[in-house]
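Colleague: this one's structure only:
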């Protein structure tokens, strides 16, 4: 089971029409999800594999995306480590790590056992999806998870050494096992979503953080995609490594420039998700302008058409239909 367009993008093969998938494509903007949410909590939808599969397949059936995504949450590994977590409606932690309690939240084996529902959800989703669709998994980036573990609301004034120790000794090996779990279950690739990097000092990012991420992906050559938010193109290109399957590009980054310099894997992005809230006429204008711009790239090999970030919960479903239909019309 694979989508031909997605496989071609992964292999950097020339093709007229790019594959399309959105971050958060299974979520609050979609009536299918809203109806399920009337009966079940968010956590029940994630942790009941049959329900997670139903949520993941919903946007494939409705909008004909090329790729389905495991329905889960990046924060469940932290919950597995013992950081009490509930969703009401957003994530709320009952405790946080500090330099004195790291050992209390370091049992990786227990944590990975709590994530077995993801394995079953991927297996069931693969069974339910049309054979012409692909399925990917995802995990949170180390810094993004750390920010929640130390309280995302807390402003970071300086980089503490225990931040690095927690990422290196606990989060990195746990995320590595989580990636392995999802790949073994049948995910074609796994995306690392790292959306809080604006708080990470540039020197620390270059000297200590990039090596941590690269150490993870080198265990899974061409199986890991990386999306980050909060760093410039200049900083992001320091992450380039042949072991990555590809990169996601935020809407504030020049994707044509990215395509000119990155030749090793897919490039995903990067229509501004805020524009998906426009009325039909204006949205169509913006999509066509985006198409005109991206057609100026040296090559569209490896392009995965997507948004710069996740679908806004206020996005009209008709706009998602319009986006997919118009992209496929322009690139056919």
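Modeller: Sure thing, it's come through. What you are looking at is a predicted structure, and each value in this text was computed from that prediction instead of being measured. Numbers count the residues shown, from 1 in each chain.

Colleague: going forward, measure contacts and count neighbours with C-alpha atoms only.
Modeller: OK.

Colleague: mind checking pLDDT for the closest residue to residue 271 other than its chain neighbours?
Modeller: Closest residue to residue 271 apart from its sequence neighbours, by Cα to Cα, 6 or more residues apart in numbering: residue 307 at 4.4 Å. pLDDT for residue 307: 96.

Colleague: Same check on residue 198?
Modeller: pLDDT for residue 198: 84.

Colleague: Do I have it right that it meets residue 232?
Modeller: No. Residue 198 lies out of contact with residue 232 (Cα atoms under 8 Å); the separation is 9.4 Å.

Colleague: about what we covered before: show the backbone phi and psi for the residue nearest to residue 271.
Modeller: Torsion angles at residue 307 (phi, psi; degrees, to the nearest 10) stand at phi -90, psi 170.

Colleague: mind listing what it touches?
Modeller: Neighbour list for residue 307: 22-23, 250-251, 269-273 [criterion: Cα atoms under 8 Å, 6 or more residues apart in numbering].

Colleague: Tell me the confidence at residue 228?
Modeller: As predicted, residue 228 sits at a pLDDT of 89.

Colleague: how near is it to residue 137?
Modeller: 16 Å (Cα to Cα, to the nearest Å).

Colleague: if you count what's nearby, which of these two comes out ahead?
Modeller: residue 137 (27 against 21; other Cα atoms under 10 Å).

Colleague: In which helix or strand does that one reside?
Modeller: Under the criterion of DSSP states H and E, residue 137 resides in strand 134-140.

Colleague: Mind giving me the packing neighbours of that strand?
Modeller: Judged by 3 or more Cα pairs under 8 Å, 6 or more residues apart in numbering; DSSP states H and E, strand 134-140 is in contact with strand 67-69, helix 116-128, helix 172-185, strand 190-194.

Colleague: Out of those, which gets nearest to residue 324?
Modeller: Of all these, strand 67-69 sits nearest to residue 324, with 12.6 Å by Cα to Cα.

Colleague: and the next element down the chain from that closest one?
Modeller: Downstream of strand 67-69 (by DSSP H and E), the next one is helix 76-80.

Colleague: re earlier: deepest-packed of the helices and strands packed on strand 134-140, please.
Modeller: For those, the largest average neighbour count (mean count of other Cα atoms under 10 Å) is found in strand 67-69, namely a mean of 26.

Colleague: Show me what residue 224 is bridged to.
Modeller: For residue 224, the beta-bridge partners are residue 190 (DSSP bridges).

Colleague: Could you pull up the contacting residues of residue 326?
Modeller: Contacts of residue 326 (Cα under 8 Å, 6+ apart): 284, 287.

Colleague: any idea how far residue 288 is from it?
Modeller: 8 Å.

Colleague: again, but for residue 179
Modeller: Taking Cα to Cα as the measure, residue 179 and residue 288 are separated by 37 Å.
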